[in-house]
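Visitor: here is the input, now give the coordinates:
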Amino acid sequence: MTEVDNEYESGYVSGASSEASMPEIHFTKPHLAFLNRQLQGLEPQQILQWCITSLPHLYQETAFGLTGLTTLDMLSKMNIPRPSVVDLLFFDTLHQFNETYDLIARVRERYPLVNIQMYKPAGADSAEEFAKQHGEKLWEVNDQLYDWLAKVEPAQRAYRELGVNAVLTGRRRSQGGSRGDIAVIEVDEAGLVKINPFANWTFEQVNEYVKANNVPYNALLDQGYKSIGDWHSTKPVKAGESERAGRWQGQEKTECGIHNPRSKFAQFLREQELKKQQEALHQALESGLAMEA
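Guide: Okay, here's the model as predicted:
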């Protein structure tokens with residue numbers, strides 16, 4: 001195994017909301033605050049053990065970044081009965097690096113007891129099919145629509161079909177941005193429980209674990225990449241830059257879509273529907289004028 005450079009990280013991981021079915025776990029605000037006080041001082045392994053024994057329909061959401069791989073490795077070393085093994089959720093945007101797909105194959109070989117639930121954009125199995133349906137370079141033409149089609153909608157579909165109540169994420173405060181003040185346990189707008197077992201850890205701690213335990217990782221990490229998502233929105237970063245500096249360079253966005261509140265995308269969908277209605281009305285008016293002429 002090639003030693004991972006101390007500044008590299010990979011992947012997008014977080015939760016999105018399910019509109020079609022509400023999760024069945026409910027926390028009051030005082031209870032949630034109490035849990036965060038209790039979990040804050042625990043190590044990731046202890047938090048993971050609590051999750052396994054406390055949260056039904058628990059999944060690990062991952063893009064196979066180092067933190068997600070560390071989570072997977074820690075879970076694999078716990079004495080967990082097969083029915084309670086935490087399955088992985090991977091949202092394949094169809095625009096991943098080949099190195100990412102190679103890593104997934106190695107993960108399957110290394111951790112054969114773990115199921116990988118893979119969800120793709122609706123009605124497409126390849127980047128070519130996606131482009132035929134939605135046009136070339138949709139991420140440049142309409143990045144919010146791309147996020148919805150490639151990430152948010154598949155996440156919501158997965159939650160609905162699998163009955164997901166809670167997800168493990170790979171987010172850490174040390175990643176900065178909107179992650180700088182995340183709690184260990186959160187509840188989103190639809191009631192989905194999101195647990196960030198490594199909220200307190202630094203990249204160096206994750207990296208040390210990966211090296212010490214010979215955990216497989218993305219080969220791009222040895223080529224100057226830090227956070228790896230789609231090939232079209234991920235670039236290597238310079239020494240000293242933040243872990244996620246190579247994502248969406250030149251854009252204001254800092255998250256991939258599944259990290260954002262559901263309300264943002266509900267508003268986006270309403271705007272898209274209004275746009276379609278306006279276009280249909282415009283076409284109808286033009287057709288009427290043409291017929292009169």
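Visitor: ends of stretch 60-73, what's the gap?
Guide: End-to-end distance of stretch 60-73: 12 Å, with Cα to Cα, to the nearest Å as the criterion.
Visitor: now swap in stretch 209-221 and tell me
Guide: In stretch 209-221, first residue to last residue: 15 Å (Cα to Cα).
Visitor: over to stretch 176-185?
Guide: Rule used - Cα to Cα; the end-to-end distance of stretch 176-185 is 17 Å.
Visitor: okay, buried residues for it please.
Guide: By neighbour count on 16 or more other Cβ atoms under 10 Å, the buried set for stretch 176-185 is R179, I182, A183, V184, I185. All C-beta atoms are positioned from the backbone trio N, CA, C, and that covers glycine.
Visitor: the residues you listed in strands, which ones?
Guide: If you go by DSSP state E, the buried residues of stretch 176-185 have I185 in strands.
Visitor: which one of the buried residues of stretch 176-185 is nearest E43?
Guide: Nearest to E43 among those is V184, at 11.4 Å by Cβ to Cβ.
Visitor: residues in contact with that closest one?
Guide: For V184, the contacting residues are L35, N36, L39, Q40, I47, I195, N196, P197, A199, N200, by Cβ atoms under 8 Å, 6 or more residues apart in numbering.
Visitor: surely the fifth one is in contact with I195?
Guide: This points to I47. Yes - judged on Cβ atoms under 8 Å, I47 makes contact with I195 at a distance of 6.9 Å.
Visitor: the two: which is more packed in?
Guide: Taking other Cβ atoms under 10 Å, I47 and I195 do not tie; I195 has more neighbours (27 against 24).
Visitor: where along this protein do the strands fall?
Guide: 58-61, 87-91, 116-119, 166-168, 185-187, 193-195.
Visitor: save those as TSV, and put in distance to A105 too.
Guide: Compiled in TSV, the strands of the chain are given as follows (distance: least, Cβ to Cβ, whole Å):
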stretch	distance to A105
strand 58-61	18
strand 87-91	13
strand 116-119	10
strand 166-168	22
strand 185-187	32
strand 193-195	27
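Visitor: mean neighbour count, these: which tops it?
Guide: strand 166-168 (a mean of 27; mean count of other Cβ atoms under 10 Å).
Visitor: circling back: any idea which of the strands of the chain gets closest to E271?
Guide: Set against E271 and scored by Cβ to Cβ, the strands of the chain come closest in strand 87-91, at 23.1 Å.
Visitor: touching the closest one from outside, list them.
Guide: Contacting residues not belonging to strand 87-91 are listed as 59-64, 72, 104, 114-120, 150-151, 154-155, 158, 162, 164, 167, 258 [Cβ under 8 Å, 6+ apart].
Visitor: repeat for stretch 192-199
Guide: Applying Cβ under 8 Å, 6+ apart, the contact partners of stretch 192-199 are 14-18, 23, 25, 27, 44, 47-48, 51, 55, 67, 70-71, 159, 164-173, 182-188, 206.
Visitor: would you turn the buried residues of stretch 176-185 into CSV with pLDDT and distance to P236?
Guide: Output for the buried residues of stretch 176-185, formatted as CSV (pLDDT from 0 to 100; distance: Cβ to Cβ, whole Å):
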residue, pLDDT, distance to P236
R179, 77, 21
I182, 91, 26
A183, 94, 31
V184, 95, 31
I185, 95, 34
